[in-house]
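Q: The sequence and its predicted three-dimensional model are supplied below.
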Amino acid sequence: MAARPAWIDRPRPAALAVGALTLLALLLRLPGLHQALYGDELFTYDIVTRAGLGDLLAQVRDTSITPPLHYLLAYGAQKLGTPPVAVRLPSLFAGAAAVPLVYLLGVRTVGRRAGVLGAGFTAISPFLIFYGSEARAYATLAFLLLVCTLALVRALSPGASRWWWALFAVTGAASLYTHYTAAIYLAAQALWAFVVYRERWRALLAANAAIALAFLPWIPAYLDQRRNPGVDAVARDFPRGAGAALEAYVNRMVRLVGGNPFLDLHDLPGSPALVAMGLAILAGLALLLAQRSRPGDERPVLRSPLLLLGLLAAALPVGLVLYRLGGTNLFSARNLIPSLPAILLLLGALFGRLRGAAGLAATLVFAVGLGVGAARTLSDDARRPPWNLAARWIDRNLRPEDSVVQVDAVALLGERPALFEDMVIFFDRRHPWAVPILLPAAWRQVIKSRRVAVAYSIVPGFRPGDVRPPVGGPWRFERTARWHGLNDVAVTTWVRSGRSRVAAQRCRPAEIRVRRLQAPLLPPCSLIIPTG
């Protein structure tokens, strides 16, 4: 039988390895920092750049469906540099800091070897890489709950300082002020602690009561947010029917462990890597059972810290399923992120207990499969829709007197789009980009221009030449530039080839055929900003 490597079980070499893994995690998350803001990031950016600190809480209460702590962090961060980049800094640092925290929690629960492996899996997790540069609360939430769990484990240790209880209460309350799903995670922690450490019930009750009392002032705002239409929008994002729902549950769990929130699993990590990781886990379980069944082997005892990790790994997947039975669906892969470090630590514990060449091979296969997904997160096809690259191209290739019209793919699919009037920060060069074209001055700019650039998301079913300026023709197609991302972005330029027929066209909606749909640009004669 091959000897187990001893360095991983020694504190100093293990700490050096975790330091290197933390640096790797930071480097893997840095490229996303400079990508264009996408989807819900636009809401974060809109709130923290439009509102002053005094108005921020009111803005969050009235327009968001999450608590305010991450918005406060993003508000402070965007003061440090270019806002579209700096607004992501809290997630960047929280995502990288999760690596040593997973290691420390592993040392306190499942051992140093499992802690190093869990930290490595955390560093190269494609899902955590994506949200480690996302201007949303998920990386911050995972960081706070990791600190909270570590503080609880330390507080329950013999002779521990009372400051660990204080840290537990502070980070528990902070996690609730970051995202409401933290309540499920904290409930699982409390269940474990009250069952396993019944004799410490007074301290546990006091600490959990402090968390609840700290959150009480936000309860009226939470009740207001429950009436936000965004809650229903999230709830509708789930298939109906038992079979389709089960498939969605499995897909989102697999995506959480080894995939990307937006790309198909066949694209990231890819079918070969996905199959390899699954086989590695099955082989690891089989090898562990074989090790336990050998005569003379000491059967591992189910220790309470291992039970804690199991509860935390299952807390949000199970809790959100039960919550959905009550009528509201919040089961999305991103809402499961706080459970992911516990899942990766359990995988670290599994592979860390394997002996021999077969065990080492299973560990390497799983790590390589996860690493393939991490590498693919750096590809052009996995980056957020590159509207920033389109803006730079327009700056280089259009003159100040030319006009820009931006159309989102949401509009092309016939859904009602949202209008962000203050998004000029992304494209505030020489051109009237992201200026509501309903404004008469913007219309006059388009009507007078000899050249118009139409910027849009690529959706299946139409050619670049189908996206024309809505008014002021006739137009002659000039050229198209295209950039790859989660949704490709293109810019098509048109040159006026005759006198304007604006009087006949300005009140008539343009129509674009998409997948046999006649999808008018709504409202007529409008500029639509991408909402993701």
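A: Noted; the coordinates are in hand. Numbers count the residues shown, from 1 in each chain.
Q: all strands of the protein, in order?
A: Along the chain, counting by DSSP state E, strands occupy 403-407, 451-457, 475-483, 489-496, 511-514, 517-520.
Q: Serialize these to CSV and add fields for mean neighbour count and distance to P158.
A: No exception for glycine: its C-beta is placed from N, CA and C like everyone else's. What follows is those, written out as CSV (neighbours: other Cβ atoms under 10 Å; distance: least, Cβ to Cβ, whole Å):
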stretch, mean neighbour count, distance to P158
strand 403-407, 25, 62
strand 451-457, 23, 58
strand 475-483, 15, 58
strand 489-496, 21, 58
strand 511-514, 16, 66
strand 517-520, 14, 67
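Q: In TSV, list these along with mean pLDDT and distance to A362.
A: Formatted as TSV, these follow (pLDDT from 0 to 100; distance: least, Cβ to Cβ, whole Å):
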stretch	mean pLDDT	distance to A362
strand 403-407	70	50
strand 451-457	79	42
strand 475-483	88	40
strand 489-496	86	41
strand 511-514	28	47
strand 517-520	29	49
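Q: out of those strands, nearest to W192?
A: Shortest distance between W192 and those, using Cβ to Cβ, is found for strand 451-457: 45.6 Å.
Q: Describe which strands that closest one pairs with in its sheet and in which direction.
A: Strands that pair with strand 451-457, judged by DSSP bridges, come out as strand 403-407 (parallel), strand 489-496 (antiparallel).
Q: Run the angle between that strand and strand 475-483 for me.
A: Angle between the axes of strand 451-457 and strand 475-483 is 40 degrees (criterion: axes from the mean of the first three to the mean of the last three Cα atoms, to 10 degrees).
Q: So which of the strands paired with strand 451-457 is nearest G259?
A: Shortest distance between G259 and the strands paired with strand 451-457, using Cβ to Cβ, is found for strand 489-496: 22.9 Å.
Q: Take the closest one, keep the C-alpha atoms, and write them as PDB.
A: C-alpha atoms of strand 489-496 as PDB (Å, rounded to 0.1, in the frame of the first residue of the first chain):
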ATOM      1  CA  VAL A 489     -22.700  41.300 -28.100                       C
ATOM      2  CA  ALA A 490     -22.600  42.900 -31.500                       C
ATOM      3  CA  VAL A 491     -22.500  46.400 -33.000                       C
ATOM      4  CA  THR A 492     -23.900  46.900 -36.500                       C
ATOM      5  CA  THR A 493     -23.300  50.300 -38.200                       C
ATOM      6  CA  TRP A 494     -25.600  51.800 -40.800                       C
ATOM      7  CA  VAL A 495     -25.000  54.800 -43.100                       C
ATOM      8  CA  ARG A 496     -27.800  56.900 -44.400                       C
END
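Q: if we can go back for a sec, specify the stretch among the strands paired with strand 451-457 that is closest to V147.
A: strand 489-496 (38.2 Å).
Q: gap between that closest one and the chain center?
A: 32 Å (Cα atoms, centre = their mean, to the nearest Å).
Q: Need the contact partners of it.
A: By Cβ atoms under 8 Å, 6 or more residues apart in numbering, the residues outside strand 489-496 that reach it are 385-387, 389-390, 393-394, 397-398, 449-458, 464-465, 467-469, 472-483.
Q: follow-up on the earlier one: can you list the strands of the chain in CSV and add distance to L345?
A: Shown next, in CSV, are the strands of the chain (distance: least, Cβ to Cβ, whole Å):
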stretch, distance to L345
strand 403-407, 44
strand 451-457, 39
strand 475-483, 38
strand 489-496, 38
strand 511-514, 46
strand 517-520, 47
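Q: And the ones you listed: which comes nearest A214?
A: Of all the strands of the chain, strand 451-457 sits nearest to A214, with 42.4 Å by Cβ to Cβ.
Q: Return the set of buried residues in stretch 133-144.
A: For stretch 133-144, burial by neighbour count (16 or more other Cβ atoms under 10 Å) applies to S133, E134, A135, R136, A137, Y138, A139, T140, L141, A142, F143, L144.
Q: Name whatever forms a beta bridge with V454.
A: Judged by DSSP bridges, the bridge partners of V454 are V405, T492.
Q: hmm, back to that, could you dump the strands paired with strand 451-457 to CSV with distance to N228?
A: Compiled in CSV, the strands paired with strand 451-457 are given as follows (distance: least, Cβ to Cβ, whole Å):
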stretch, distance to N228
strand 403-407, 26
strand 489-496, 29
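Q: Among those, which comes closest to T22?
A: Using Cβ to Cβ, the nearest of these to T22 is strand 489-496, at 33.2 Å.
Q: Return the distance of G39 relative to L56.
A: 21 Å (Cβ to Cβ, to the nearest Å).
Q: typo on my end, it should be N335
A: For N335, the distance to L56 - Cβ to Cβ - is 23 Å.
Q: Looking at the two now, which is surrounded by more residues?
A: N335 (23 against 18; other Cβ atoms under 10 Å).
Q: Skip the chain neighbours and tell me the closest residue to that one.
A: In space, and not counting its chain neighbours, N335 is closest to T181: 5.3 Å by Cβ to Cβ, 6 or more residues apart in numbering.
Q: I'd assumed S332 was in contact with that neighbour.
A: No - counting by Cβ atoms under 8 Å, T181 stays clear of S332, with 10.0 Å between them.
Q: Test for you: state the pLDDT assigned to P417.
A: For P417, the model assigns a pLDDT of 31.
Q: before we move on, what about V301?
A: 41.
Q: With L146 instead?
A: Listed pLDDT for L146 reads 98.
Q: what sits against it?
A: Counting by Cβ under 8 Å, 6+ apart, L146 makes contact with A98, L101, V102, L105, P341.
Q: what sits against the first one?
A: Under the criterion of Cβ under 8 Å, 6+ apart, the neighbours of A98 are A25, T122, L128, A139, A142, F143, L146, P341.
Q: Now render the residues you listed as CSV, adding distance to Q291.
A: Shown next, in CSV, are those (distance: Cβ to Cβ, whole Å):
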residue, distance to Q291
A25, 31
T122, 26
L128, 30
A139, 36
A142, 32
F143, 35
L146, 30
P341, 26
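Q: So T181 and S332 - more neighbours on which side?
A: For T181 versus S332, the count of surrounding residues by other Cβ under 10 Å is larger for T181: 28 against 18.
Q: okay, that one: pLDDT?
A: Looking at T181, the pLDDT reads 96.
Q: thinking again about what came up before, select from the contacts of A98 every entry located in helices.
A: Counting by DSSP state H, the part of the contacts of A98 found in helices is A25, T122, L128, A139, A142, F143, L146, P341.
Q: who are the neighbours in contact with the residue nearest the centre of the chain?
A: Taking Cα atoms, centre = their mean as the criterion, Y131 is the residue nearest the geometric centre of the chain, at 3.6 Å. When contacts are counted by Cβ under 8 Å, 6+ apart, Y131 is found next to S91, G95, Y138, A139, P261, R334, I337.
Q: ok, which stretches of the stretch 201-350 of the chain are helices?
A: 201-215, 219-225, 229-235, 242-258, 271-293, 304-325, 340-352 (DSSP state H, counting those that start in this stretch).
Q: any idea how far A139 lies from P317?
A: Taken as Cβ to Cβ, the span from A139 to P317 is 19 Å.
Q: Also V405?
A: 44 Å.
Q: Roughly how far does D55 sit from G76?
A: 15 Å.
Q: residues near V257, how many?
A: Neighbours of V257 using other Cβ under 10 Å come to 23.
Q: Quick one: residues contacting it.
A: Here V257 is in contact with S125, F127, M277, L340, I343, L344 (Cβ under 8 Å, 6+ apart).
Q: Please report which of those has the highest neighbour count.
A: So for those (other Cβ under 10 Å), the most neighbours sit at S125, 30 neighbours.
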